[in-house]
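Novice: could you work out the structure for the sequence below:
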Amino acid sequence: MNKCIKSLKVVFVFAICFLAKTNLMAQTPIGKESLLPSNVLPSQEDINGFTQDSSFYLKKNNAKNNRIPPKYPELRKEDVLFTETVWEDIDAREKKNRLFLYAALDDNGNQQFFNILLNILETDTANIKAYSTFDDRFTTTLSHDSLLTIFKGPLVKAYKYDENNKIIDSTFEHTPNEETPSNFDAIHTFRIKAQYIFDNTTSRMHYRIIGIAPIFSVTRPVKDLSGNLMGRDTTYNKPLFWVYYPKLRNHLANYMVYNPNNQTKQVAWSDLLEARYFDSRIVKTSSGNFKDQSLFDTIKDPKKRLEAAEKIKQRIDDYEQDRWVY
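Specialist: Next up is the predicted model:
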């Protein structure tokens, strides 16, 4: 009997080790070209002069980078009195949004927000996926090769020639074009898809982020019908990919936002985004949008487009205030 129990224990331990190894292999891509420009070497010594405290939101094992964000308040569908989906753009070049461009190096990589997104995509491939911008409903998953095409250009057949100018070999190489980000510093805009939800039981408006998409500003020279340059360029915004935020927020809770005044008073990226501590402009709304068009499609004048975005924001704020009885 004891021999059987010992044999079962050995089999159980072996199974646990095998599953743990399989899970690790599923999360970490092996033998794949990295999306990030370079890997950051981790510090072998503690670079802080103080002891790291364990916070109330750490898991029981208190492992490093294991913080979890606070749980969302429960919202029952039958208690929802009002909901509206909005799409808004965050321009990191604005003063309040410059935190998104902080690019110092840390043990977990470059702290620029776009690099944080790529780092999460590469380290947790089992749970975090990039979705195509064909739509914003997270319907089509992008493969690793598709992401490489976005950042390094499409695959183009390249030929090798001998001394007699004869083809001896051919390979496919990524060739950048005008829609390929030349460097990650050129990506300074982020589009957020979010829902405003008014809970009838608490008389409170909730803000829930659904997805995040980095945007690259593409500049193209204007040509006439003959293909001649006309001396001016045109610029448009190109979303690169979508990431589903509810699965992303656990990771963003472990990345601290740079505080230029005091590094001991830092908040996590999940807290900053959910508290809306940023400036943004609404570019699309689900209210009264019968053709599912953005403000860029319906309003060409930038000033009038900005006024329309402010009216949408004011209308949502007024709805919450009108529900209160004084």
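
Novice: in this structure, which helix or strand is least confident?
Specialist: One helix or strand of the chain scores below all others by mean pLDDT, DSSP states H and E: helix 2-27, with a mean of 45.

Novice: strand partners (parallel or antiparallel) of the helix or strand following that one?
Specialist: Note on helix 2-27: by DSSP states H and E, the next helix or strand toward the C-terminus is strand 80-91. The pairing partners recorded for strand 80-91 under DSSP bridges are strand 189-199 (antiparallel), strand 281-285 (antiparallel).

Novice: let's have those strands in JSON lines, adding mean pLDDT.
Specialist: As requested, these are exported to JSON lines (pLDDT from 0 to 100):
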{"stretch": "strand 189-199", "mean pLDDT": "95"}
{"stretch": "strand 281-285", "mean pLDDT": "96"}
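
Novice: got those as a markdown table, with mean neighbour count and distance to residue 271 columns?
Specialist: Glycine gets a C-beta too; all of them are placed from N, C-alpha and C. Shown next, in a markdown table, are the strands paired with strand 80-91 (neighbours: other Cβ atoms under 10 Å; distance: least, Cβ to Cβ, whole Å):
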| stretch | mean neighbour count | distance to residue 271 |
| --- | --- | --- |
| strand 189-199 | 20 | 15 |
| strand 281-285 | 20 | 22 |
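
Novice: figure out which of the ones you listed is closest to residue 313.
Specialist: Among these, the nearest to residue 313 by Cβ to Cβ is strand 281-285 (6.0 Å).

Novice: of all the strands paired with strand 80-91, which one comes closest to residue 261?
Specialist: Of all those, strand 189-199 sits nearest to residue 261, with 23.5 Å by Cβ to Cβ.

Novice: give me the distance between the spatially closest residue to residue 201 that is not a sequence neighbour and residue 128.
Specialist: Among residues not flanking residue 201 along the chain, residue 79 sits closest, at 4.9 Å (Cβ to Cβ, 6 or more residues apart in numbering). From residue 79 across to residue 128, the span is 30 Å (Cβ to Cβ, to the nearest Å).

Novice: okay, the two: which has more neighbours?
Specialist: residue 128 (18 against 13; other Cβ atoms under 10 Å).

Novice: residues contacting that one?
Specialist: 120-121, 243-244, 247-248, 251 (Cβ atoms under 8 Å, 6 or more residues apart in numbering).

Novice: just the buried ones from the residues you listed, in PyMOL syntax?
Specialist: Buried members of the contacts of residue 128, defined by 16 or more other Cβ atoms under 10 Å, are picked up in PyMOL with:
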select buried, resi 120+121+243+244+248+251
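
Novice: from the contacts of residue 128, pick the one nearest residue 151.
Specialist: Looking across those and measuring by Cβ to Cβ, the closest to residue 151 is residue 121, at 11.4 Å.

Novice: so which strand or helix has that closest one?
Specialist: Assigned by DSSP H and E, residue 121 belongs to helix 113-123.

Novice: likewise for residue 250?
Specialist: Using DSSP H and E, residue 250 sits in helix 245-252.

Novice: quick one: list the elements packing against that helix.
Specialist: Of the remaining helices and strands, those touching helix 245-252 by 3 or more Cβ pairs under 8 Å, 6 or more residues apart in numbering; DSSP states H and E are helix 113-123, strand 204-223, helix 269-274.

Novice: out of these, nearest to residue 314?
Specialist: Of all the helices and strands packed on helix 245-252, strand 204-223 sits nearest to residue 314, with 13.3 Å by Cβ to Cβ.

Novice: the closest one: partners in the sheet, and parallel or antiparallel?
Specialist: Note on strand 204-223: by DSSP bridges, its sheet partners are strand 189-199 (antiparallel), strand 229-239 (antiparallel), strand 242-244 (antiparallel).

Novice: closest to residue 138 out of these?
Specialist: strand 242-244 (5.4 Å).

Novice: so what touches the closest one?
Specialist: For strand 242-244, the external contacting residues (Cβ under 8 Å, 6+ apart) are 117, 121, 128-133, 136, 138, 193, 210-213.
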